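**Q** fold the following and give me the result.
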Amino acid sequence: MSKKLIAVASAAALALAGLVGIAPANSAVGPFAVTHSGAATNDVARDGSTATKAIQINVPSDDVIRTNTTSVVATGNTSNSTAIKFVVTTPGTTDSITVSSTGGVKVLSATQFAASTTTSATGTQTLTVPAADGNADIYAYTTTTAGGTVVISAAGSSKTYNLVGLSTTAYKMNFTQGASAPLEGKFTLTGTVKDAFGNDLTTALAFGDFNITILGGSAAATKAAVATANFKYTSATKTYTITGSVRDTAGSQAVVLDIGNRLIAGTKVTAFGDPVVEQFFTVTANDLATQVTALTAQVAALTADYNALAAKWNKRVASKTAPKKAVATK
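**A** Numbers count the residues shown, from 1 in each chain. Next up, the predicted model:
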């Protein structure tokens with residue numbers, strides 16, 4: 001090979017080496033991709049592709065956003081996660097990633113997720129983060145049991161995930177009860193139980209989840225009141241009905257209803273207001289026969305008063321000192 005050709009070849013090689021060494025600022029990494037982990041129920045059938053296949057995630061009932069990074073590979077695998085972690089891969093090393101959500105779903109950047117001050121009020125429904133070396137982590141959570149979506153986009157590609165919240169911890173109960181009942185009759189408590197965000201629980205409470213304490217009346221009546229209590233849950237209205245026995249003697253009867261350890265971590269969360277996991281009721285047991293006698297006496301007394309007034313009025317009418325007609329007595 002001539003010296004001229006060798007020189008040309010060397011120059012070409014050096015130029016190629018220089019080109020290889022000068023990589024563009026946003027060089028290609030790979031195709032756009034998203035993976036997720038931390039589902040409350042890691043079921044392969046719930047890949048988030050549709051509303052009926054929505055990824056299930058626990059509502060952050062204690063106001064803590066956390067995730068369990070167990071891979072979604074098994075059916076029925078559960079976790080205490082309150083956030084889904086999305087790992088995003090972008091075509092370019094520094095591509096901008098945009099995220100949006102609907103419903104009660106909120107999104108967080110990795111920095112927000114890691115902050116000690118992050119609560120259920122921190123997230124937003126729009127977010128933009130840059131990829132670092134072609135990757136970024138995004139977190140999503142929801143405060144409702146209704147469905148919502150997360151849309152993750154970068155470099156002209158996007159992926160949509162459906163999410164739905166699971167509510168498992170009671171925070172506020174709201175029961176009502178009539179003030180009186182007949183002796184040895186029944187009292188009925190009717191009400192709802194909701195989580196800290198006002199959602200009905202995903203799985204309704206069972207009778208065993210409630211504690212019922214009854215005071216007043218004979219020991220036998222008190223025992224029977226607890227033992228014979230009936231329980232009903234109406235799914236259409238999300239309403240609980242608890243029925244118990246009234247004391248066997250006239251007087252007041254105290255009924256205390258609580259839901260035991262279903263309160264979030266056993267403490268109040270300031271952002272959610274005061275928890276209500278116990279209610280106190282007073283049932284007045286009335287002897288119906290005694291009530292009838294008393295009411296009969298009241299009617300008789302009122303009738304006598306009316307007749308006395310009627311007689312005075314009619315006397316005035318008879319004397320023509322009143323311009324009205326006489327009235328009939330009872």
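
**Q** excluding chain neighbours, what is closest to Ser153?
**A** Leaving aside its sequence neighbours, Ser153 sits nearest to Thr98 (Cβ to Cβ, 6 or more residues apart in numbering; 5.0 Å). (Each C-beta comes from the backbone N, C-alpha and C, glycine too.)

**Q** what residues are up against Thr203?
**A** Thr168 (Cβ atoms under 8 Å, 6 or more residues apart in numbering).

**Q** what pLDDT does it get?
**A** pLDDT recorded at Thr203 is 90.

**Q** ok, it to Val317 distance?
**A** From Thr203 over to Val317 the distance is 74 Å, taken as Cβ to Cβ, to the nearest Å.

**Q** equivalent analysis for Arg66, please.
**A** On the measure of Cβ to Cβ, Arg66 and Val317 end up 86 Å apart.

**Q** again with Val151
**A** 87 Å.

**Q** give me the below-cutoff pLDDT ranges for the stretch 51-200 of the chain.
**A** For the stretch 51-200 of the chain, the stretches flagged by pLDDT under 70 are 69-78, 179-180, 184.

**Q** residue ranges of the strands in it, please?
**A** Counting by DSSP state E, counting those that start in this stretch, the stretch 51-200 of the chain has strands at residues 55-58, 77-78, 84-89, 96-101, 105-109, 126-130, 135-142, 147-154, 157-166, 172-177, 180-182, 186-194.

**Q** dump those into TSV; add distance to Leu295 and mean neighbour count as well.
**A** Output for the strands of the stretch 51-200 of the chain, formatted as TSV (distance: least, Cβ to Cβ, whole Å; neighbours: other Cβ atoms under 10 Å):
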stretch	distance to Leu295	mean neighbour count
strand 55-58	56	24
strand 77-78	60	16
strand 84-89	64	21
strand 96-101	63	19
strand 105-109	60	24
strand 126-130	67	15
strand 135-142	56	24
strand 147-154	56	21
strand 157-166	53	20
strand 172-177	24	17
strand 180-182	14	16
strand 186-194	22	18
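
**Q** dump those strands to TSV, plus distance to Asp258.
**A** Converted to TSV, the strands of the stretch 51-200 of the chain look like this (distance: least, Cβ to Cβ, whole Å):
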stretch	distance to Asp258
strand 55-58	23
strand 77-78	27
strand 84-89	34
strand 96-101	36
strand 105-109	32
strand 126-130	41
strand 135-142	28
strand 147-154	32
strand 157-166	23
strand 172-177	8
strand 180-182	21
strand 186-194	11
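
**Q** and Tyr240, which of those strands is closest to it?
**A** Tyr240 sits nearest to strand 186-194 of all the strands of the stretch 51-200 of the chain, at 6.0 Å, using Cβ to Cβ.

**Q** now do the closest one and strand 172-177, the angle between them.
**A** Angle between the axes of strand 186-194 and strand 172-177 is 160 degrees (criterion: axes from the mean of the first three to the mean of the last three Cα atoms, to 10 degrees).

**Q** next SSE after strand 186-194?
**A** Tracing the chain C-terminally past strand 186-194 and defining elements by DSSP states H and E, one meets strand 211-215 next.

**Q** quickly note the distance from the residue nearest the centre of the chain to Ala170.
**A** The residue lying closest to the centre of the chain (Cα atoms, centre = their mean) is Asn199, at 2.7 Å. Distance, Asn199 to Ala170, using Cβ to Cβ: 10 Å.

**Q** tell me what the top helix by length along the chain is packed against?
**A** Longest helix in the chain by number of residues, with DSSP state H as the criterion: helix 288-318. With contacts defined as 3 or more Cβ pairs under 8 Å, 6 or more residues apart in numbering; DSSP states H and E, helix 288-318 has no helix or strand neighbours.

**Q** check the offset of it from the chain's centre.
**A** 57 Å (Cα atoms, centre = their mean, to the nearest Å).

**Q** show the average pLDDT along it.
**A** 75.

**Q** repeat for stretch 212-230
**A** Across stretch 212-230, the average pLDDT comes to 79.

**Q** and it, which residues are buried?
**A** Neighbour-count burial for stretch 212-230 flags Ile212, Ile214, Gly216, Gly217, Ala221, Thr222, Ala224, Ala225, Ala229 (criterion: 16 or more other Cβ atoms under 10 Å).
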